[in-house]
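> Turn this into a model:
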Amino acid sequence: MLLYILLGLAVLLLIFFVIVAMQPAEFQVQRSTSIAAPPATVFPLVNNLHMWPLWSPWEKLDPQMQKTFEGSGEGAGSSYGWSGNNKVGEGRNTILDSKPPELVHIRLDFVRPFKATNEVKFTFKPEGSNTNVNWAMTGRKNFIFKAFSMFMNMDKMVGSDFEKGLAAMKAEAERAK
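Numbering: from 1, shown residues only. Below you'll find the model as predicted:
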């Protein structure tokens with residue numbers, strides 16, 4: 001009897017591993033908003049890493065977060081590292097490419113709560129007197145992250161943070177114009 005139970009558990013584990021392995025290897029989270037300000041007003045809020053506390057949803061989760069900046073603080077080559085509580089973890093944003101006032105391309109390296117490297121792109125497109133801001137993050141999922149994604153929806157989890165950040169960015173840019 002014990003043998004049948006163990007075989008049954010082994011088959012269930014095998015099925016679970018196969019299902020996890022078949023999950024998509026990449027993910028994307030993306031949100032957009034329209035801001036009543038020109039791209040030249042909105043762009044620096046992202047391109048200048050020292051301005052992120054004005055709108056980043058994660059800055060408010062840990063007021064004691066330790067931050068380090070390298071480079072000029074804005075544009076390609078600049079980086080912003082953080083280490084904070086369990087809500088914000090630890091990591092680094094590095095601007096890979098900056099095309100004023102159209103694009104900021106960032107490599108996002110997480111150290112904790114888990115190691116991961118993702119790409120983030122902010123695009124700024126004029127729409128009359130407004131700017132359409134698109135915030136997209138893409139990355140690869142390892143086996144553990146694939147299994148986690150079966151129970152937690154990454155788009156809903158991170159997407160709500162993107163929405164909060166874009167709303168704060170909108171408020172800041174519209175106040176500054």
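
> low-scoring stretches of the chain, by residue?
Applying pLDDT under 70 to the chain flags residues 177.

> Tell me where this structure has helices.
Assigned helices in the chain, in chain order: 2-21, 39-47, 143-151, 154-176 (criterion: DSSP state H).

> which of those is buried the deepest?
Among these, the stretch with the highest mean neighbour count (mean count of other Cβ atoms under 10 Å) is helix 39-47, at a mean of 21. Heads up, the C-betas are built off the backbone N, CA and C, glycines and all.

> Contacts made by that helix with the rest, please.
By Cβ atoms under 8 Å, 6 or more residues apart in numbering, the residues outside helix 39-47 that reach it are 35, 51-52, 54-55, 74-75, 95, 98, 100-102, 104, 122, 124-126, 131, 133, 169, 172-173, 176-177.

> Buried ones among those residues?
Neighbour counting with 16 or more other Cβ atoms under 10 Å marks 35, 51-52, 54-55, 74-75, 95, 98, 101, 104, 122, 124, 131, 133, 169, 172-173 as buried within these.

> Across the sheet, point out what pairs with the residue nearest the centre of the chain.
Centroid-nearest residue in the chain: Met137, 5.3 Å away (criterion: Cα atoms, centre = their mean). Taking DSSP bridges as the rule, Met137 bridges to Val29, Val120.

> Let's have the helices of the chain in JSON lines, adding distance to Gly91.
Converted to JSON lines, these look like this (distance: least, Cβ to Cβ, whole Å):
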{"stretch": "helix 2-21", "distance to Gly91": "25"}
{"stretch": "helix 39-47", "distance to Gly91": "17"}
{"stretch": "helix 143-151", "distance to Gly91": "15"}
{"stretch": "helix 154-176", "distance to Gly91": "14"}
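
> Tell me which of the ones you listed approaches Lys87 most closely.
Lys87 sits nearest to helix 154-176 of all these, at 10.7 Å, using Cβ to Cβ.

> and that closest one, how far out from the chain's middle?
11 Å (Cα atoms, centre = their mean, to the nearest Å).

> So what does Gly73 have for phi and psi?
phi 100, psi -10 (degrees, to the nearest 10).

> for Leu54, what are its contacts?
So Leu54 contacts Leu45, Ala168, Met169, Glu172 (Cβ under 8 Å, 6+ apart).
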